[in-house]
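**Q** okay, predicted coordinates and the sequence, questions at the end:
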Amino acid sequence: MENEASPPSASHSAPEAHTDFAGAMSYGDYLQLDKLLGAQRPLSDCHDELLFIIIHQATELWMKLTLHELAAARRLIIADDLSPAFKHLARVSRIQSQLIQSWDVLSTMTPSDYSQFRDALGQSSGFQSAQYRLIEFALGNKQASTIAPHKHRGDVREQLERALAQPSLYDESIRLLARRGFAIDSVVLERDVREPYNAHPSVLAAWAGVYQDPKRYWDLYQLAEELIDLEDWFQQWRFRHVTTVQRIIGRKRGTGGTAGVGYLRQVLDVTFFPELWDVRTEL
């Protein structure tokens, strides 16, 4: 029919892609891919060393984003602006799911593969990751002794010392409970935040009050669930770390001198937000 719209002509082509980047920013420029893709420098001829390097470099990038999101969430909790904080915390949980899957890729490397380049690692170890330590400090696992491997880097040591002295995400959540009228003991509010956090009955009672009346304390209730979700994912990441290491090196000592699997199993018992787990028994 003459009035019927005709289909697009086959001669119509897609918009022409930009091809002249002289003086303009390209995809590679924006992402600085020359630097990023040039940062993998294996020290052996072993095929699987590139896998090992990329997994750990990608993990460090995800940890950089984790720290970015945790810092934003912490600022919002301090400001008692919880709704946007939930997005940042949920994003950290999703990052953890990505990190868990990375162990699946690394576990395709066999003990024989790893033994071909392990000696090239020298004393380097994931235990020495400053960003991982910053994440643990941000979540409340304060251990001043873990700064020692970074004493040769003054800038990194100072960053870790500042993080050690800063109230954790959970410290700020507890302070928020106090500002909302819950009776938090002064021994908790005035504690030395450089020390590991220990569970306290007043904090347990406060969270129990939140869980017993979620409609009244809906944003605090959601905060509690976002925190427990975050720790749940973190524990899954830790467990997958243990099983992957044991699969590849068994019970050998770690390259950095740690007890290897034995050390990693110990940290599985570390809890960031103890009352949020304990409150489930109380309800």
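**A** Arrived safely.
**Q** what's around A90, how many residues?
**A** Using other CB atoms under 10 Å, A90 has 15 neighbouring residues. The way it works is simple: take the backbone N, C-alpha and C, and place the C-beta from them, glycine included.
**Q** after the helix or strand harbouring it, next one along is what?
**A** Per DSSP states H and E: A90 is located in helix 82-106. Next helix or strand after helix 82-106 toward the C-terminus (DSSP H and E): helix 111-115.
**Q** which residues are in contact with that following helix?
**A** C46, H47, D48, F52, R247, I248, I249, G250 (CB atoms under 8 Å, 6 or more residues apart in numbering).
**Q** of the residues you listed, grab the buried ones for ChimeraX.
**A** To isolate the buried ones among the contacts of helix 111-115 in ChimeraX, judged by 16 or more other CB atoms under 10 Å, type:
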select :46,48,52,248,249
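**Q** in helices only, show me the contacts of helix 111-115.
**A** Those of these mapping onto helices are F52, R247, I248, I249, per DSSP state H.
**Q** and those residues, which two are furthest apart?
**A** F52 and R247 (13.9 Å; CB to CB).
**Q** now the helices: where do they sit in the stretch 1-150 of the chain?
**A** Secondary structure of the stretch 1-150 of the chain (DSSP state H, counting those that start in this stretch): helices located at 27-31, 33-37, 49-78, 82-106, 111-115, 130-139.
**Q** for Q98, what are its contacts?
**A** With CB under 8 Å, 6+ apart, Q98 has these contacts: W62.
**Q** and if you look at the one 4 residues further on?
**A** Contact partners of S102, counting by CB under 8 Å, 6+ apart, are I55, A58, T59.
**Q** gap between it and S129?
**A** As judged by CB to CB, to the nearest Å, S102 and S129 stand 14 Å apart.
**Q** tell me the contacts of G28?
**A** G28 is in contact with D34, counting by CB under 8 Å, 6+ apart.
**Q** also the one 3 residues further on?
**A** With contacts taken as CB under 8 Å, 6+ apart, L31 has no neighbouring residues.
**Q** got the confidence number for it?
**A** pLDDT recorded at L31 is 96.
**Q** same question for R91.
**A** We have a pLDDT of 97 for R91.
**Q** got it, and the one 5 residues further on?
**A** According to the per-residue confidence, Q96 scores 95 in pLDDT.
**Q** next one: the one 10 residues further on
**A** You'll see L106 listed with a pLDDT of 92.
**Q** was I right to think it contacts I55?
**A** Yes. Shown here, L106 and I55 form a contact pair, counting by CB atoms under 8 Å, at 4.9 Å.
**Q** compare the two (neighbour count), which wins?
**A** L106 (21 against 17).
**Q** tell me the contacts of the more buried one?
**A** Going by CB under 8 Å, 6+ apart, L106 touches L51, F52, I55, T244, I248.
**Q** in stretch 214-234, what counts as buried?
**A** 217, 219-224, 226-231, 233-234.
**Q** of those, closest to F117?
**A** Using CB to CB, F234 is the member of the buried residues of stretch 214-234 that sits closest to F117, with 29.0 Å.
**Q** can you count the residues close to F182?
**A** By the measure other CB under 10 Å, the count of residues near F182 is 19.
**Q** could you report the pLDDT at the nearest residue to it once chain neighbours are set aside?
**A** Excluding the flanking residues, the one nearest F182 by CB to CB, 6 or more residues apart in numbering is A206, at 3.8 Å. If you check A206, the pLDDT there is 98.
**Q** distance of A206 from I78?
**A** Separation of A206 from I78 (CB to CB): 18 Å.
**Q** looking at these two, which one has more neighbours?
**A** Comparing A206 with I78 by other CB under 10 Å, the one with more neighbours is A206, at 24 against 15.
**Q** which helix or strand contains the more buried one?
**A** Using DSSP H and E, A206 sits within helix 201-212.
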